[in-house]
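Colleague: Would you be able to build a 3D model of this:
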Amino acid sequence: MFYQQRRVAGHPVRLDPRPARIAGREELLNQIADRLTVGSQPVVVALSALGGVGKTTAAVEFAHRHLDRYEVVWMFHAEDPTALVQQFHDLTQLLDPADLLDQSDPVTRLHAALAGRDRPWLLVLDNIRDYAMARRWLPPRGNGHVLVTTQDGHWPAEQTVPIGPLSVEAAAGFLLSCAGEYDEESARKIATELGSLPLALAQAGAYVQTTGRSLAEYLTLLHTNRMQLLRRGAPSSHQAPVTATWSVALTELADTSPDSITLLRLLSHLAPEDIPHRLLLATGTPLPPDVHPEVAHATDRLRSDQFALDDAVAGLRRHSLIGPPAEVVTVHRLVQHITLEQIDPDQRQGWQTAATALVEAAIPADTSRREAWPICAQLLPHALALLDPIGVPIWRLARSFGHAGDYPTSVAVWSILAEAHTTQLGPEHPDTLSARHELASWTGDAGDAVAARDLYAQLLPVRQRVSGVEHPDTLSARANLAYWTGEAGDAVAARDLYAQLLPVQDRVSGVEHPDTLTARANLAYWTGKAGDAVAARDLYAQLLPVRQRVSGADHPDTLSARANLAYWTGKAGDVVAARDLFAQLLPVQDRVSGVEHPDTLSIGDNLAYWTGKAGDAVTARDLFGQLLPVRERVLGAEHPNTLATRANLAYWTGMAGDAVAARDLFGELLPVRERVSGAKHPDTLSTRANFDYWRNQADR
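Modeller: Residues are numbered from 1 along each chain as shown. Okay, here's the model as predicted:
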C-alpha cells in the first residue's frame, strides 16, 4: 500500500500519494464536489466504472484537493476484508484513543466515533467489490462523506457517478506527459487504439520511458504485437499491467456465469461501438454448420432463454465489463482484445463465424422500409467489422442509408465497398463496376453532382470495354452520366446526351421498352431544365399515352409521367392547369400508393406549390403545414424531402404575409440543412438565401 499517514492541522489523514498527473477529469472532480454536500446523514458517492479507467486516481485527487474541508480524511483499501478490518481499527485508535466507546467490533466502534463528531469527515473506500459487501462498511450516521470506488455496475443509481474513458485529446496529452515526448500525432493514434483508458496510457508512457522507444515505435508494436505489449510496462503507481486488470473478473465469470463469458466473446468480435445485443440475439436463424458445436450450443442458449441473456448481461455489468445496458451495450476495445486473446485457439474461428452470422441475420430483408433504417444504422459498424464486403448482406445494408436519405453515410459505405471490390475482384469485375455505380449515384444525391458526373465519366469507358457499348449496364451508365451532367449545372449537355442515347436505347431495347421510355422521360425533363418548358410539356404529353398503354394507367412510371406533364405545364406558364392536373392526380396516387407513400407526398407538395403559384398563398401555406408532420412521421425529421417541405412551408408563410414567421422558420431550418446536407449543398445555399431575404423583409 502507498498510504501517506499524517495529521493536517491536527486532523487525522491517511491517503495514497497525490497523483503525479491527472488530465481530462476536471468536470468529474467538480461533479463529485457537487454531489458531496453536507447533510444529516453520510452522503455516499460511488465512482463506478471499468477497471483501469482512473477511479482511484480521481478519488485520491479529490481528497487531496479538499483536505481543508474535512476534520478527518481516511482512505481504506477494501480488496481484502480482513485487512480492511485492521484499517478500521487504525482510524478508531486515533479517534478514540482512550477506548471510551463500548464496542468490540472495530467497524461498529468507528461508526460510533464518526457519528459523534461535529465537523465533516471523508472516508475513501477504494475498490469495494460490490454494494452488498459495502453496506457493512458504510457509516449509518454522521456529518460526513463517503467516496467509494468500485467496478460494480449495480450500485444504486442515486449514489453513482459513472466514469468513462478520457477524451482523445485529453488522453493524448496525458500520454505525452507520461512519455516525455512531443509526437502529438502518434499520441492521438495510440490513445484511440487504447480506448483512452488511463491505465493503458500510463503503461504505454512507462514502456516508452523505460525502453527508450518512441511513441511512433510503440504504435507500430501496438499494431503488430498488441497483447505482448499490453503485458509489459506497468506504471510505477500501479501493481499490474492492463492485461491483469480484468483477469480476476473474467476468471470469476468463467466459473460462476458461463453465459456472461459467451456474451462477452460474441460482443468482443464486434466493433467498439454501441452494440444492439438483444437485436442480434433475437433472431432464430440457424448458425452456419461449420460453427464449433460448443460455440453453437452456448450461443443458442442465449438466443433461446431470455433469462440466460439477462443473467449474462447482469454478470458483465457487475464488473463494469460492459456499459449500462439499454437497447445497446458498449464494450471497451481493450476488454475486447483481452477477451479474444483468452479464447481457445480451436474455437476462435467459430466465435467469429457465430458473431458474423448474428449480424447478417439481423439485417432486415427489406431495407427500403423506414422501420429498417435505425436497425441498419445500429448494425453498420459491426457489419463493416465482420461481414464480407463483397457479399449480398452488406450490399442490402448499404442501400438502406440512401433510402433513409442519409447520403453522406451512404457515400462513405459505398466508398469502402467499391475499394474492397476493386481489391478483391479486380477493377473491371462486373460487381466492382456495380459498386462504383452505386458510389457515383449516392455521391450525387449527397449534393456533389460534379463528382457524380466525373465518377460516371470514369466508369462509362470501362463499362463499354467490359460489357460492350450496348449492354444495359453500359446504357445505364450513359443515362446517369447525362443526368448528373444536368444536375452539375449543364442542362443543355444533359439534354443532348439523352438525345444521343435515345436512338441507341430504341434500337437495343425497342421503342416501348421501359428503359427506352425512361430515357424519353429524361430527355423531356432536361429539355425543360435547359429552358424550353413548352417542349418539355409537349414531350411528356406525347410520352404519357405510350406509358399508359405499355405499363397501365396506374403504374408508377405512368403516374410519374402525369406528374411531370403537370409540372411542365405549370413551368410553361399555365399555373392554374398545373394545379388542376395535380389535384386530379392526387387521389389516384393516393389510391395506388397510399396516403403516406413518398410519391403521394410529392404530389401533395406539388399541389400545394402550384396552388400558391396560382395566387392562393394562404392555402399553399396550409397544405404544406398539413404535409410536414406526415413527412416527419414517414421519412424522419431530417430526410431531404422533409426539409424541402419545411422550406416550402416557410416560403409560403412569408408569401401569405407573415415575413417574421418565414424568417424564423428559415432560421430554424438552416442549421439542420447545414448538418444534413453540408454548407455548400444547393439546398443549403437556397435556405440561406431565403433566410436573408425574409430577414430583410421582416426588418422593413
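Colleague: got any ranges where this structure has weak pLDDT?
Modeller: Under the criterion pLDDT under 70, the flagged ranges of the chain are 1-10, 38-40, 98-103, 233-241, 244.
Colleague: Which parts of it belong to which domain?
Modeller: Annotated domains of the chain cover 4-162, 168-244, 254-362 [automatic domain parsing].
Colleague: which SSE is Pro671 in?
Modeller: helix 659-677 (DSSP states H and E).
Colleague: I'd like the distance from the one helix or strand Val73 maps to to the chain centre, please.
Modeller: Assessed by DSSP H and E, Val73 sits inside strand 72-77. With CA atoms, centre = their mean, to the nearest Å as the basis, strand 72-77 stands 41 Å off its chain's centre.
Colleague: So what touches that strand?
Modeller: Applying CB atoms under 8 Å, 6 or more residues apart in numbering, the contact partners of strand 72-77 are 1, 3, 8, 11-16, 59-60, 63, 66-67, 83-84, 87-88, 91, 95, 114, 117, 121-127, 137, 144. Backbone N, C-alpha and C define where each C-beta goes, glycine included.
Colleague: if we can go back for a sec, against which helices or strands is the helix holding Pro671 packed?
Modeller: helix 640-655, helix 682-699 (3 or more CB pairs under 8 Å, 6 or more residues apart in numbering; DSSP states H and E).
Colleague: Summarise which helices and strands the longest one is packed against.
Modeller: The reference is to helix 682-699. helix 640-655, helix 659-677.
Colleague: Determine how far it lies from the middle of the whole chain.
Modeller: 32 Å.
Colleague: which parts of that helix are buried?
Modeller: In terms of neighbour count (16 or more other CB atoms under 10 Å), helix 682-699 has its buried residues at Asp683, Thr684, Thr687, Arg688, Asn690, Phe691, Tyr693, Trp694, Arg695.
Colleague: ok, residues contacting that helix?
Modeller: 447, 640, 643-644, 647, 650-651, 654, 659-660, 662-663, 666-667, 669-670, 673-674, 677-678.
Colleague: now do 7 Å
Modeller: 447, 647, 650-651, 654, 659-660, 662-663, 666-667, 669-670, 673-674, 677-678 (CB atoms under 7 Å, 6 or more residues apart in numbering).
Colleague: what angle do it and helix 659-677 make?
Modeller: Going by axes from the mean of the first three to the mean of the last three CA atoms, to 10 degrees, helix 682-699 is angled at 160 degrees with respect to helix 659-677.
Colleague: do the first one as well
Modeller: Interaxial angle, helix 640-655 versus helix 659-677 (the same axes, to 10 degrees): 160 degrees.
Colleague: which strands and helices sit next to helix 640-655?
Modeller: For helix 640-655, the contact count by 3 or more CB pairs under 7 Å, 6 or more residues apart in numbering; DSSP states H and E identifies helix 598-613, helix 617-635, helix 659-677, helix 682-699 as packing neighbours.
Colleague: so the third one versus helix 617-635, what angle?
Modeller: An angle of 30 degrees separates the directions of helix 659-677 and helix 617-635 when computed by the same axes, to 10 degrees.
Colleague: tell me which residues of helix 659-677 are tucked away?
Modeller: For helix 659-677, burial by neighbour count (16+ other CB under 10 Å) applies to 659, 661-666, 669-670, 672-673, 676-677.
Colleague: Just name the closest of these to Gly391, please.
Modeller: Nearest to Gly391, judged by CB to CB, of the buried residues of helix 659-677 is Val676 at 29.5 Å.
Colleague: any idea whether the nearest residue to that closest one once chain neighbours are set aside is helix, strand or coil?
Modeller: Closest residue in space to Val676, ignoring its immediate chain neighbours: Glu638 at 5.0 Å, by CB to CB, 6 or more residues apart in numbering. Under the three-state scheme (DSSP: H, G, I helix; E, B strand; the rest coil), Glu638 adopts coil.
Colleague: burial of Glu638, as a residue count?
Modeller: 16 (other CB atoms under 10 Å).
Colleague: Then Arg399?
Modeller: Neighbours of Arg399 (other CB under 10 Å): 18.
Colleague: now the helix or strand hosting it, how far from the chain's geometric center?
Modeller: For Arg399, the enclosing helix or strand under DSSP H and E is helix 392-403. Put simply, helix 392-403 sits 17 Å off its chain's centre (CA atoms, centre = their mean).
Colleague: again with stretch 135-144
Modeller: Worked out by CA atoms, centre = their mean, stretch 135-144 lies 42 Å from the chain centre.
Colleague: now stretch 354-374
Modeller: 16 Å.
Colleague: Run through who's touching that stretch.
Modeller: Taking CB under 7 Å, 6+ apart as the rule, stretch 354-374 contacts 266, 269-270, 279-281, 283, 285, 287-288, 291, 295-296, 299, 375-376, 379, 382-383, 386-387, 393, 396-397, 399-400, 403-404, 634-635.
Colleague: Give the buried subset of these as a ChimeraX selection command.
Modeller: Those of those that count as buried under 16+ other CB under 10 Å are selected in ChimeraX with:
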select :266,269,270,279,280,281,287,291,295,296,299,375,376,379,382,383,386,387,393,396,397,399,400,403,404,634,635
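Colleague: Please flag which of the contacts of stretch 354-374 sit within helices.
Modeller: 266, 279-281, 295-296, 299, 375-376, 379, 382-383, 386, 393, 396-397, 399-400, 403, 634-635 (DSSP state H).
Colleague: Help me confirm that Val328 comes into contact with Ile275.
Modeller: Yes - between Val328 and Ile275 there is a contact under CB atoms under 7 Å: 5.7 Å.
Colleague: who has more neighbours, those two?
Modeller: Between Val328 and Ile275, counted using other CB under 10 Å, the more crowded position is Ile275 (24 against 16).
Colleague: What's opposite the more buried one in the beta bridge?
Modeller: Taking DSSP bridges, one finds Val329 as the beta-bridge partners of Ile275.
Colleague: how close does it get to Leu386?
Modeller: 12 Å (CB to CB, to the nearest Å).
Colleague: and Leu47, what are its phi and psi?
Modeller: Leu47 adopts backbone torsions of phi -90, psi 100, taken as degrees, to the nearest 10.
Colleague: same question, the one 5 residues further on
Modeller: Per-residue torsions, Gly52: phi 90, psi 0 (degrees, to the nearest 10).
Colleague: which one is it nearest to, not counting chain neighbours?
Modeller: Residue nearest to Gly52 in three dimensions, not counting chain neighbours: Leu199, with 3.4 Å by CB to CB, 6+ apart.
Colleague: helix or strand for that neighbour, which one?
Modeller: Counting by DSSP H and E, Leu199 is part of helix 198-211.
Colleague: Can you tell me which helices and strands the helix or strand that comes right after that helix packs against?
Modeller: Next along the chain after helix 198-211, taking DSSP H and E as the criterion, comes helix 215-224. Packing partners of helix 215-224 (3+ CB pairs under 7 Å, 6+ apart): helix 184-193, helix 198-211.
Colleague: which stretches of this structure form strands?
Modeller: Per DSSP state E, the chain carries strands over the ranges 4-8, 11-15, 43-48, 72-77, 121-128, 144-150, 160-162.
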